[in-house]
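**Q** Here is a sequence together with a model predicted from it:
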Amino acid sequence: MTAATLSPREMKRRRKMGADYVPPSPYTVKAALTEGDIFTKLSAVIFGLGNIVRKQYVKGIAFLVAEIAFFVFLFTNGINYLSKLPTLGTQKQGKVLVDGYWVYTEGDRSVVILLYGVCTIVVILLFCYLWRMSIKTAYKAECLAKENGSAPTFMDDWKTLFDAKAHQLLMFLPTLGILVFTVLPLIFMISMAFTSYDHRNLVLFHWVGLENFKQLFSSDVSNTVSASMFMQVLVWTLVWAFFATFLNFFLGLFLAMVINRKTTRFKNFWRSIFSMSIAVPQFVSLLVMRSMLQPNGAVNQLLMQWGWIDSPLPFLSNATWARVTVIIVNLWVGIPYTIMQVTGILQNIPVDQYEAAKIDGANWWQIFTKITMPYIIFVLTPYLITTFTGNVNNFNVIYLLTGGNPTPVGASAGKTDLLITWLYKLTVDKSDYNLGAVIGIMTFVVLAVVSLVTYRNSGSYKNEEAFR
C-alpha cells in the first residue's frame, strides 16, 4: 500500500506513531480462510494440520495435543460444570437408611461448581485464542513455503524465539502467572458477588443478581451492610490513606533533606538508624505498640507515674483517639521507606542546577520549590500512587493494632476498619462471602478511579521526557 492509497486516518496514525509504527500482519484468520489451501482451512478443525503437512512437526503436534487435551477436559468435567453453572446446583445432601445405618449421599457443592464453571469458561476462551493461532500459523507456514520453498524449521523458530520474539518468551510465564493467580481469582470473586453465598447458604446457593449491591446501598441499618455503614468506612479509608501516604512522604522528605545536607555529620549513622527499623518485622512492631498503648500498657503507666495524666488515655478504645493513633504509629513504620527513596533521588539531582540557581540569586525556598520538589514529585508520582493504593489495602497496621475497634454493638464494621479489614471480617468471621465480594468490587472501583485520574493528570504521564 503506497502513501497515495492510504486513507487520511491511516496516514495520521502512522505520523503519530513515527518510528514505532508496526504494520499489521498479513497472516489473518480472514485471509487464511479465504486464500489458504485445503490444509490451512482444515487447521480450523484439526489443529496443527497445516503445520504438520509443511514439516513443522513440533509446532503442529503441540497444537494437536492442546486441542485433544481441551476436548478431554471438556467432556470429562467441563460440560458437567457448565450445565450446572446457571443454577449452581440443585441437589441437596441426602441420607438413606441401609441395614440400620444412615448413609449420607453428597449433594451439589455450589462453590465448586462456580469455581470450575469459571475455569471452564476461561479455558474455552483460551481455546478460541488457540484456534485463531492454529489457523494463522498454518497460513503463515503456507505463505513462507511458497516464497522460500519451505516453511521455517523447528530450529529456525527456536532461534527466532530467542531473538526477534524474545519479548514473547520472557513475557510468557509472567502472563501465565497473572492469568492463573490474578485474573481467575478476580473473576471468581466478582461472580460470587451475584450469589447468595453467605453463612446461611455455605453449601448450596444460587444466583441473586444485584440483590447484594442493593443491600449495600440500602438505608436499612439493621442489615449486615448498609449505605451509611459503607460510606463511613469508605470516608475513613480515604482519610486514612491520604494521611498515611502524605504525612509519611513529607516527613520522610524533610528528614532525608536534613540528613543529606552538607553540614549534617554522621550521615551513614542516621541512615542506618532508620534502616534498622525497616529490618524489624512490621507485625512485631505493631503488636509491641498495641501492647504499650493498652490502658495498663507502658505508655499510660509512665504518663501516670510522671503525673501528666490521672487516668489512662483511650488510645485504642475511643474512635477519635484510635484513628489518630493508627496514623501516628504508621509514621514509625512508613517514614524509613520514604527516607531511603528520597535519599536516592536527592543524590541524583544534577548539582549544576543548584549552582546555576545560586548564581542567579535564588534563595533556599526558591531552589526547593523550583528544582528539588518538582524533580522528586516527577519521579515519585507512580510510587505515591502505589503507596496510596497500598494504604487503602493496609490490612496489617489496622488489624494488628486495633482490630478495627472500637466497634458499635451490632455493627459489622468498627470505627477504624478499612474496606479491606471489613471485607476480612465479613468473609472470615461472618462467612458472608457474597457481601465480602461486593466490598472487594467497590474497593477495586475506588482504587482504579483514584489511581487512573491521578496518574493521567501527573507530569510523569503528560511530560515523560521532562527530566531526561
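**A** That came through fine.
**Q** Just the element for Val96, please.
**A** Assessed by DSSP states H and E, Val96 sits inside strand 94-98.
**Q** ok, and for the helix or strand following that strand, which residues are buried?
**A** The C-terminal neighbour of strand 94-98 among helices and strands, as given by DSSP H and E, is strand 101-105. Buried residues in strand 101-105, counting neighbours by 16 or more other C-beta atoms under 10 Å, are absent. Bear in mind the C-beta positions are built from the backbone N, C-alpha and C, glycine included.
**Q** Equivalent analysis for stretch 409-428, please.
**A** Buried-residue list, stretch 409-428, by 16+ other C-beta under 10 Å: 411-427.
**Q** Extract the CA atoms of it and return them as PDB.
**A** C-alpha atoms of stretch 409-428 as PDB (Å, rounded to 0.1, in the frame of the first residue of the first chain):
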ATOM      1  CA  VAL A 409     -22.900  -3.000  69.200                       C
ATOM      2  CA  GLY A 410     -24.500  -4.900  66.400                       C
ATOM      3  CA  ALA A 411     -22.300  -3.300  63.700                       C
ATOM      4  CA  SER A 412     -20.200  -5.400  61.300                       C
ATOM      5  CA  ALA A 413     -17.500  -2.700  60.900                       C
ATOM      6  CA  GLY A 414     -15.600  -0.900  63.600                       C
ATOM      7  CA  LYS A 415     -14.600   2.800  63.700                       C
ATOM      8  CA  THR A 416     -11.100   2.100  62.400                       C
ATOM      9  CA  ASP A 417     -12.000  -0.600  59.900                       C
ATOM     10  CA  LEU A 418     -10.800  -0.100  56.400                       C
ATOM     11  CA  LEU A 419     -12.600  -1.600  53.400                       C
ATOM     12  CA  ILE A 420     -10.100  -4.400  53.400                       C
ATOM     13  CA  THR A 421     -10.400  -5.300  57.100                       C
ATOM     14  CA  TRP A 422     -14.200  -5.000  56.800                       C
ATOM     15  CA  LEU A 423     -14.100  -7.400  53.900                       C
ATOM     16  CA  TYR A 424     -12.000  -9.800  56.000                       C
ATOM     17  CA  LYS A 425     -14.500  -9.700  58.900                       C
ATOM     18  CA  LEU A 426     -17.400 -10.300  56.500                       C
ATOM     19  CA  THR A 427     -15.800 -13.300  55.000                       C
ATOM     20  CA  VAL A 428     -13.600 -15.000  57.600                       C
END
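**Q** mean confidence score for it?
**A** For stretch 409-428, mean pLDDT rounds to 92.
**Q** mind checking how far it is from the chain centre?
**A** Its chain's C-alpha centre and that of stretch 409-428 lie 21 Å apart, by C-alpha atoms, centre = their mean, to the nearest Å.
**Q** Show residues contacting that stretch.
**A** For stretch 409-428, contacts defined as C-beta atoms under 8 Å, 6 or more residues apart in numbering pick out 224-225, 229, 232-234, 236-237, 240, 319, 322-323, 326, 392-395, 398-399, 402-408, 430, 432-433, 435-436, 439-440, 442-443, 446.
**Q** do stretch 322-335 as well
**A** 236, 240, 243-244, 247-248, 251-252, 255, 274, 277, 282, 285-286, 289, 293, 314-316, 394, 397-398, 401-402, 405-406, 415-416.
**Q** Now do the buried residues in it.
**A** Within stretch 322-335, the residues that qualify as buried are 322-323, 325-327, 329-331, 333-335, counting by 16+ other C-beta under 10 Å.
**Q** Repeat that for stretch 282-290.
**A** By neighbour count on 16+ other C-beta under 10 Å, the buried set for stretch 282-290 is 285-286, 289-290.
**Q** Contact partners for Phe242?
**A** Phe388.
**Q** Can you name the element that comes right after the longest helix along the chain?
**A** In the chain, taking DSSP state H as the definition, the longest helix is helix 110-148. Counting by DSSP H and E, the next helix or strand C-terminal to helix 110-148 is helix 154-161.
**Q** which other helices and strands contact that next one?
**A** Packed against helix 154-161, as judged by 3 or more C-beta pairs under 8 Å, 6 or more residues apart in numbering; DSSP states H and E, are the following elements: helix 57-73.
**Q** Only alpha carbons, please: show the helix it packs on as CSV.
**A** C-alpha atoms of helix 57-73 as CSV (Å, rounded to 0.1, in the frame of the first residue of the first chain):
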residue,chain,number,x,y,z
TYR,A,57,6.1,-31.3,13.2
VAL,A,58,6.8,-30.0,16.7
LYS,A,59,4.5,-26.9,16.4
GLY,A,60,1.8,-28.9,14.6
ILE,A,61,1.8,-31.7,17.2
ALA,A,62,1.8,-29.2,20.1
PHE,A,63,-1.4,-27.6,18.6
LEU,A,64,-3.0,-31.0,18.1
VAL,A,65,-2.2,-32.2,21.7
ALA,A,66,-3.6,-28.9,23.1
GLU,A,67,-6.8,-29.5,21.1
ILE,A,68,-7.2,-33.1,22.3
ALA,A,69,-6.5,-32.0,25.9
PHE,A,70,-9.2,-29.4,25.7
PHE,A,71,-11.8,-31.8,24.5
VAL,A,72,-10.8,-34.4,27.1
PHE,A,73,-11.2,-31.8,29.8
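**Q** picking up where we left off before, drop anything exposed from the contacts of stretch 409-428.
**A** 224-225, 229, 233-234, 236-237, 240, 319, 322-323, 326, 392-394, 398-399, 402-404, 406-407, 432-433, 435-436, 439-440, 442-443, 446.
**Q** residues in contact with the nearest residue to Ala138 once chain neighbours are set aside?
**A** Nearest residue to Ala138, sequence neighbours excluded (C-beta to C-beta, 6 or more residues apart in numbering): Gly50, at 2.7 Å. Neighbour list for Gly50: 36, 39-40, 42-43, 60, 134, 137-139, 141-142 [criterion: C-beta under 8 Å, 6+ apart].
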